[in-house]
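A.B. asks: Provided below are the primary sequence and the corresponding predicted coordinates.
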Amino acid sequence: IANRGVPALVVAPNKVLAAQLYDELRKMFPTNLVSFFISYYDFYRPEFVNANKGAYKSKRSKINQDLDRLRHQATAALASGRQDVIIVASVSCIYGLGVPEH
């Protein structure tokens, strides 16, 4: 990563491993701009329909504002033009990102 001179994306399978990698990479690359980009949900339950009972449950979620702030910082790091940016992300962070119509 240090010798490439281009931004790097490190994708972890879950939030816990992403947090560990983020901490380790910040220590390994103290002069690089290491950022954290994971899903900002503390809790998420998708909507569902129980056809047998005719019941519908709407989607429920709780957004963690600190994680949302870190996501914005990661996006700003990429837009900064710096070539030493390292983004640590979880796979789930890509769901719901952006508007499909655009």
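C.D. replies: On my side now, so go ahead.
A.B. asks: Give the bridge partners for the nearest residue to R82 once chain neighbours are set aside, please.
C.D. replies: Spatial nearest neighbour of R82, excluding adjacent residues (CB to CB, 6 or more residues apart in numbering): L33 at 5.5 Å. Just so you know, the C-beta spots here come from the backbone N, C-alpha and C atoms, and that holds for glycine as well. When bridges are called by DSSP bridges, L33 pairs up with V85.
A.B. asks: Look at L33 and say how many residues are nearby.
C.D. replies: 19 (other CB atoms under 10 Å).
A.B. asks: One more: K53?
C.D. replies: Counted with other CB under 10 Å, the burial measure for K53 works out to 7 neighbours.
A.B. asks: Is it correct that it falls within a strand?
C.D. replies: No. Per DSSP: H, G, I helix; E, B strand; the rest coil, K53 lies outside any strand segment and is coil.
A.B. asks: Backbone dihedrals for it, please?
C.D. replies: Taking degrees, to the nearest 10, you get phi -100, psi -10 for the backbone angles of K53.
A.B. asks: do you know how far it is from N64?
C.D. replies: 32 Å (CB to CB, to the nearest Å).
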